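Engineer: Structure for this input, please:
(one chain, ligands or ions: 1)
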Amino acid sequence: MIIEMENVSRKREGKWILQEINWKVEKGDHWVLYGLNGAGKTSLLELINAYLFPTTGTIRVLGMEFGKTYLAERLRRRIGFVSSLVQQKLEPGDNAYEVVLSGAYASFGLYEETTEEIDQKGVDILRELGCLEYANRDYDTLSQGEKQRVLIGRALMADPELLILDEPTNGLDFLAREELLESIGRIAEKPDAPTILYVTHHIEEILPAFNKTLLLKEGKIFDAGATEVLVTKERMSEFFGIPVNVIWDNGRPLLSKAQAVRN
Ligand SMILES: Nc1ncnc2c1ncn2[C@@H]1O[C@H](COP(=O)(O)OP(=O)(O)OP(=O)(O)O)[C@@H](O)[C@H]1O
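Structural biologist: Here you go, the predicted model:
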């Protein structure tokens with residue numbers, strides 16, 4: 001089991017921001033975490049990464065339970081995390097290759113002498129993600145799409161069991177977004193892929209490989225399960241509280257607001 005949450009609730013400044021979360025993520029599945037602004041997605045990720053603890057309930061991530069075998073640092077080394085927070089922490093002046101290599105040491109900046117094996121692995125990952133041509137460029141000079149690839153490469157260096165991608169397409173144009181999604185799809189479909197948890201505001205980003213979806217609404221699980229069962233016109237209209245249309249095209253859903261019927 002990758003993630004197990006039992007009756008998890010979390011209070012922040014007197015307000016329940018997550019309530020009664022019961023959720024299991026099994027190895028072999030790839031999940032989309034979908035919710036509107038303020039639904040609690042970031043808080044849920046913080047619980048998984050042990051930056052935040054539940055007020056009530058129990059959490060086990062990668063077999064480690066808080067308060068028992070739980071050591072936050074040890075746990076985080078087994079989780080690949082790609083988010084704007086990680087981007088902010090990077091060492092200025094590092095090139096793309098160095099950023100990727102630093103993932104092997106879970107550090108921001110490269111302070112250790114790398115081994116030949118790690119160097120080679122970094123090159124392989126850069127090649128796989130299509131980043132080789134800008135490997136020697138300063139990370140800061142890369143486009144947003146290139147930066148996200150490098151951050152995913154950095155996360156993959158540590159062979160994570162769980163890969164969390166928190167809104168990785170933020171700030172990307174249509175083509176850059178689709179190219180990045182293609183790369184993520186390729187990672188997800190590899191036999192030895194880490195379990196992916198993909199956090200997004202955009203239904204259109206659900207890839208065929210994301211077989212499970214969690215719909216989070218106002219701090220509660222609205223529904224969780226097979227993507228094709230949840231992401232339907234009926235269920236999504238209930239989720240939003242307004243009529244919407246969902247069209248599936250080539251294994252990808254498209255969402256639009258349904259036109260009001262006029263009498
Ligand atoms: N440090 C905090 N103190 C108090 N309330 C907080 C804190 N952080 C988040 N919240 C509240 O918790 C709720 C959930 O926030 P969270 O950031 O987890 O949502 P989200 O789904 O990630 O939203 P978004 O998509 O806008 O990033 C919000 O109502 C938010 O105002």
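Engineer: which residues does whichever residue of the stretch 101-250 of the chain sits closest to the ligand contact?
Structural biologist: Ranking the residues of the stretch 101-250 of the chain by distance to the ligand (CB to the nearest ligand atom) places residue 201 first, at 6.1 Å. Where you see a C-beta, it was placed from the backbone N, CA and C, and this is true even at glycine. Shown in contact with residue 201 (CB atoms under 8 Å, 6 or more residues apart in numbering): 34-37, 167.
Engineer: Intersect these with the contacts of the ligand.
Structural biologist: 35, 37 (CB under 6 Å from any ligand atom).
Engineer: so what's residue 221 bridging to?
Structural biologist: Per DSSP bridges, the residues bridged to residue 221 are residue 216.
Engineer: what about it, how many neighbours?
Structural biologist: If you count neighbours by other CB atoms under 10 Å, residue 221 ends up with 19.
Engineer: so who does it touch?
Structural biologist: By CB under 8 Å, 6+ apart, residue 221 lies in contact with 20-23, 214-215.
Engineer: change it to 10 Å
Structural biologist: Contact analysis of residue 221 by CB atoms under 10 Å, 6 or more residues apart in numbering lists 5, 18-23, 35, 40, 44, 214-215.
Engineer: Then residue 120?
Structural biologist: residue 114.
Engineer: Surely it is in a helix?
Structural biologist: Yes. According to DSSP: H, G, I helix; E, B strand; the rest coil, residue 120 belongs to a helix.
Engineer: Take the contacts of residue 221 and write them to TSV, including pLDDT and secondary structure.
Structural biologist: Below are the contacts of residue 221 laid out as TSV (pLDDT from 0 to 100; DSSP: H, G, I helix; E, B strand; the rest coil):
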residue	pLDDT	secondary structure
5	97	strand
18	98	strand
19	98	strand
20	97	strand
21	98	strand
22	98	strand
23	98	strand
35	95	strand
40	96	coil
44	97	helix
214	98	strand
215	98	strand
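Engineer: so how far does stretch 167-174 reach from one end to the other?
Structural biologist: End-to-end distance for stretch 167-174: 14 Å, by CA to CA, to the nearest Å.
Engineer: State the mean pLDDT of it.
Structural biologist: Throughout stretch 167-174, pLDDT has a mean value of 94.
Engineer: any idea how far residue 60 is from the ligand?
Structural biologist: 21 Å (CB to the nearest ligand atom, to the nearest Å).
Engineer: mind exporting stretch 147-154 as PDB, just the C-alpha atoms?
Structural biologist: Extracted C-alpha coordinates of stretch 147-154, given in PDB (Å, rounded to 0.1, in the frame of the first residue of the first chain):
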ATOM      1  CA  LYS A 147      12.100  23.800 -16.000                       C
ATOM      2  CA  GLN A 148       9.300  21.400 -15.100                       C
ATOM      3  CA  ARG A 149      11.000  18.600 -17.100                       C
ATOM      4  CA  VAL A 150      14.200  19.100 -15.200                       C
ATOM      5  CA  LEU A 151      12.300  19.100 -11.900                       C
ATOM      6  CA  ILE A 152      10.700  15.800 -12.800                       C
ATOM      7  CA  GLY A 153      14.100  14.500 -13.700                       C
ATOM      8  CA  ARG A 154      15.400  15.600 -10.400                       C
END
